[in-house]
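Asker: Fold the following.
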Amino acid sequence: MKILLAVSAVVILASISLLIGAGDLSLPAILWPQEGQYATQILLISRVPRTLALILAGTAMAVAGTIMQALTQNRFVEPSTAGTVESASLGLLIVSLLAPDAPVIVKMMVAAAFALVGTALFLRILKLIPLRSVLTVPLVGIMLGGIVGAITTFFAYRFDLLQSLNAWTTGDFSGVLRGRYELLWIAFLLTLGAYAAADRLTLAGMGQDFSTNLGLRYRGIVSFGLIIVSMVTATIVVTVGMLPFLGLVVPNVVSLIVGDNMRRSLPWIALLGAGLVLACDIVGRVVYYPYEVPIGTIMGILGSALFLFLLLKGRERLA
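Answerer: Presented below is the predicted three-dimensional model:
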């Protein structure tokens, strides 16, 4: 029953998203196309693809954050606090410099490869330093991301690509149209793959020794999880830009309610991730109507506030 209410809430938010925008999209114009052909085109070319992109991106990024938290055994880690997003942006910058006419799928694969290397480097660094505090892990990730981000910004400045870099690092769905969001379906398929391996990922999150004693191929499932996180991050960065703190806040909130079993929590994480992205996008479209505030800005404000709340109030419960 509760899951049906959550689905209904997401459907309501999606319906509101379809009706909000600078273009006139009245119900009579949709029902009688001969009187409102322009409105029908807006719905099919812009509003529906944008709403689908919001749902797909929110679902995939929230699940990716859950996987990272399980693999690092830390509640304060997600792609934007582990250097994964910054590494994907560096890969996207390099392929834009070396092969500017490359297809989008090629750019996504290169960005995913860089994201995978950056995330693996993050995990390697964690093994080399003493982790005396639960906050050490995200601090290491933030510092690593800062270094990679500085390198990326330097080369973007030298080659006059700062504007493109800003687009990759700021979540914005205003440019999503039919034919420009379909790459996000790959992220959705990866999310389904994560759900299929939910039990193994849950065991991997309990540590190498424990999972190995139960017969799990620990290195294989960790590699599988990292590939999912890297490809999801790269797909979202290439398509709509970064969605900060989404993969951190949503899994923590769901964990407080339904626990840490991924098989049980992933549907809730997916729904809450989609609903949060839809809500933030709606706020960004109405707060300065008819102009838009990028969703990355709204999520950065909300996510950072919730992140601080988790740090200050829920440290013992979430560690």
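Asker: For this structure, give me the ranges with low pLDDT.
Answerer: Along the chain, the parts satisfying pLDDT under 70 run over 1, 22-37, 39, 131-133, 311, 313-319.
Asker: Centre-most residue in it?
Answerer: Compute the mean C-alpha point of the chain, and by C-alpha atoms, centre = their mean the closest residue is residue 61, 2.6 Å away.
Asker: Now the element after the helix or strand it falls within, going C-ward?
Answerer: Assigning secondary structure by DSSP states H and E places residue 61 in helix 48-72. Where DSSP H and E defines the elements, the next helix or strand beyond helix 48-72 is helix 84-98.
Asker: For that next one, list every residue counted as buried.
Answerer: Across helix 84-98, burial judged by 16 or more other C-beta atoms under 10 Å covers 84-96. C-betas here are computed from N, CA, C, even on glycine.
Asker: Stretch 99-116 too?
Answerer: So for stretch 99-116, counting by 16+ other C-beta under 10 Å, buried means 107-116.
Asker: next one: stretch 250-259
Answerer: For stretch 250-259, using 16+ other C-beta under 10 Å, the buried residues are 250-255.
Asker: for stretch 12-22, same thing?
Answerer: Buried, per 16+ other C-beta under 10 Å, within stretch 12-22: 13-14, 16-18, 21.
Asker: Using CSV, lay out these together with secondary structure and distance to residue 189.
Answerer: Formatted as CSV, the buried residues of stretch 12-22 follow (DSSP: H, G, I helix; E, B strand; the rest coil; distance: C-beta to C-beta, whole Å):
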residue, secondary structure, distance to residue 189
13, helix, 23
14, helix, 20
16, helix, 27
17, helix, 23
18, helix, 24
21, coil, 29
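Asker: re the thing from before, list the helices and strands the helix holding residue 61 packs on?
Answerer: helix 2-19, helix 104-128, helix 184-196, helix 198-204, helix 218-239, helix 246-258, helix 262-286 (3 or more C-beta pairs under 8 Å, 6 or more residues apart in numbering; DSSP states H and E).
Asker: Save those as a markdown table, and put in distance to residue 173 too.
Answerer: Output for the helices and strands packed on helix 48-72, formatted as a markdown table (distance: least, C-beta to C-beta, whole Å):
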| stretch | distance to residue 173 |
| --- | --- |
| helix 2-19 | 10 |
| helix 104-128 | 16 |
| helix 184-196 | 11 |
| helix 198-204 | 28 |
| helix 218-239 | 9 |
| helix 246-258 | 13 |
| helix 262-286 | 6 |
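Asker: Wait, residue 106 touches residue 99, no?
Answerer: Yes. Using C-beta atoms under 8 Å as the test, residue 106 is close enough to residue 99 to be in contact (7.2 Å).
Asker: could you give the angle of the helix holding residue 61 to helix 262-286?
Answerer: 140 degrees (axes from the mean of the first three to the mean of the last three C-alpha atoms, to 10 degrees).
Asker: chain center to helix 48-72, what's the gap?
Answerer: 4 Å (C-alpha atoms, centre = their mean, to the nearest Å).
Asker: ok, now stretch 214-233?
Answerer: Using C-alpha atoms, centre = their mean, the offset of stretch 214-233 from its chain centre is 17 Å.
Asker: what sits up against that stretch?
Answerer: Contact with stretch 214-233 is made by 60-61, 63-64, 67-68, 70-71, 79, 84-85, 88, 108, 111-113, 115-116, 119-120, 123, 186-187, 190-191, 193-194, 197, 200-201, 203-204, 208, 211-212, as judged by C-beta atoms under 8 Å, 6 or more residues apart in numbering.
Asker: make it 6 Å
Answerer: If you take C-beta atoms under 6 Å, 6 or more residues apart in numbering as the criterion, stretch 214-233 is touched by 60, 64, 67-68, 71, 79, 84-85, 88, 112, 115-116, 119, 187, 190, 194, 200-201, 203-204, 208, 211-212.
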